[in-house]
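1. need a structure here:
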Amino acid sequence: MNLRGLAAVGTMCLAAVAITGCNDGKDDKRDVGKAADVKATGSAQPSSGGPEQSEGTQQSNGTAELPPQQILEKAAQALETAPSWHVVTGDGKERIEFSVDDKGNCQGMRSDEGEEMEFLLQGESFYAKPRATFWENHFEDKASQAQQFVAGRYITTTADDPEFSPLFCTRNMLRASLFSPETIKAAKLTKGAKTVVDGVGTLQLKGTLDGSPTTVVVATTGEPYPMTIESSEAGTAVRMNFSEFGKEVAGSVPAPADTVEVGEVKQAVGASD
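-> Have a look, this model is predicted:
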């Protein structure tokens, strides 16, 4: 699955919070795709500083001297083992961003033409303020009743709820697909420009990854994190920007008065399971 395929899966899951059927078959329901089939916004754009600035403000990690496939492998490993990271993607109409860590915490939001959805996963509890499409997908002809009953509160359930699992809060989706050993082995990439992103030296890998024209920007100072992944298929650009590696994911759990259990909503409006 290429980056555009991941994007499509992520968009469908996010559109209805987490619709059953987006599961990739793994035991951990959080390990699936989570991006949007759109160009990204954010600060992780390569600077125009040029090669003379490529050292950044940190010590070189030696990545730039490796062959492209080894660089990609190191980037995959770094993302997989990072304590936490933040990802952003958007195109002006739609924007998705969230932070995820290795302790089971995830916090973020999605906006689409002004309509926003907040979500928070903390340990075994999941909270969300859904968009209108959520009510339509899960409550059908009782959508209006359910929305009125919730009255702006967060809906809450457990992280392993098979119907409402927060599938977008993941850490290994790229390793399982775009950065799989098979995909990395078959990649046809060459080293491109060296630039600086927020004081971090980076190197571009350009070529073909999983059958699509792709550019991966990898840090050459500090940890070899992937900073940006951009792929193009049929004229559509898909981009993911990563940042805030190791930063604490500190979402505030809503007060009990500001939450309502999914089961309580269903019971109130007479919706079937």
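
2. quick check, T202 in contact with V196.
-> Yes - if you go by Cβ atoms under 8 Å, T202 and V196 touch, sitting 6.8 Å apart. Where you see a C-beta, it was placed from the backbone N, CA and C, and this is true even at glycine.

3. and these two? Which one has more around it.
-> T202 (28 against 22; other Cβ atoms under 10 Å).

4. helices or strands next to whichever strand or helix holds the more buried one in the packing?
-> Using DSSP states H and E, the element containing T202 is strand 200-209. For strand 200-209, the packing partners by 3 or more Cβ pairs under 8 Å, 6 or more residues apart in numbering; DSSP states H and E come out as helix 68-81, strand 188-197, strand 212-219, strand 226-233.

5. quick one: secondary structure of K142?
-> Put simply, K142 is helix when judged by DSSP: H, G, I helix; E, B strand; the rest coil.

6. surely it is in contact with V269?
-> Yes - taking contacts as Cβ under 8 Å, K142 lies within contact range of V269: 4.5 Å.

7. quick one, strands of this structure?
-> For the chain, applying DSSP state E gives strands covering 84-90, 94-101, 105-112, 115-122, 125-129, 154-158, 188-197, 200-209, 212-219, 226-233, 236-243, 259-261.

8. can you pull the buried residues of the strand holding T202?
-> V200, G201, T202, L203, Q204, L205, K206, L209 (16 or more other Cβ atoms under 10 Å).

9. out of these, the closest to Y225 would be?
-> V200 (8.5 Å; Cβ to Cβ).

10. the closest one and D141, how far apart?
-> 52 Å (Cβ to Cβ, to the nearest Å).

11. what residues are bridge-paired with Y154?
-> Here Y154 sits in beta bridges with T259, going by DSSP bridges.

12. now do the contacts for it.
-> Under the criterion of Cβ atoms under 8 Å, 6 or more residues apart in numbering, the neighbours of Y154 are E118, L120, Y127, A128, K129, P254, D258, T259, V260.

13. tell me the pLDDT at the closest residue to the fourth one other than its chain neighbours?
-> Taking Cβ to Cβ, 6 or more residues apart in numbering as the measure, A128 lies nearest to F119, with 4.4 Å between them; neighbours along the chain are not counted. Looking at F119, its pLDDT stands at 87.

14. F119 against Y127, yeah?
-> Yes - assessed by Cβ under 8 Å, F119 is found in contact with Y127 at 6.9 Å.

15. so where is the chain shaky, pLDDT-wise?
-> Filtered on pLDDT under 70, the chain yields the residue ranges 1-57, 90-93, 113-115, 163-168, 173, 233-234, 272-273.

16. quick check: buried residues in stretch 116-134?
-> For stretch 116-134, a neighbour-count test (16+ other Cβ under 10 Å) marks 117-122, 126-131, 133-134 as buried.

17. now stretch 98-117
-> Buried residues in stretch 98-117 (16+ other Cβ under 10 Å): 98-101, 104-108, 110-112, 117.

18. swap in stretch 259-273?
-> T259, V260, V262, V265, K266, V269, A271.

19. JSON lines for the residues you listed, including distance to S180?
-> Formatted as JSON lines, the buried residues of stretch 259-273 follow (distance: Cβ to Cβ, whole Å):
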{"residue": "T259", "distance to S180": "38"}
{"residue": "V260", "distance to S180": "40"}
{"residue": "V262", "distance to S180": "34"}
{"residue": "V265", "distance to S180": "39"}
{"residue": "K266", "distance to S180": "39"}
{"residue": "V269", "distance to S180": "43"}
{"residue": "A271", "distance to S180": "39"}
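
20. wait, which of those is closest to L189?
-> Distances from L189 to the buried residues of stretch 259-273, taken by Cβ to Cβ, are shortest for V262, at 44.5 Å.

21. just checking, that closest one touches R153?
-> No - assessed by Cβ under 8 Å, V262 is found out of contact with R153, at 11.6 Å.
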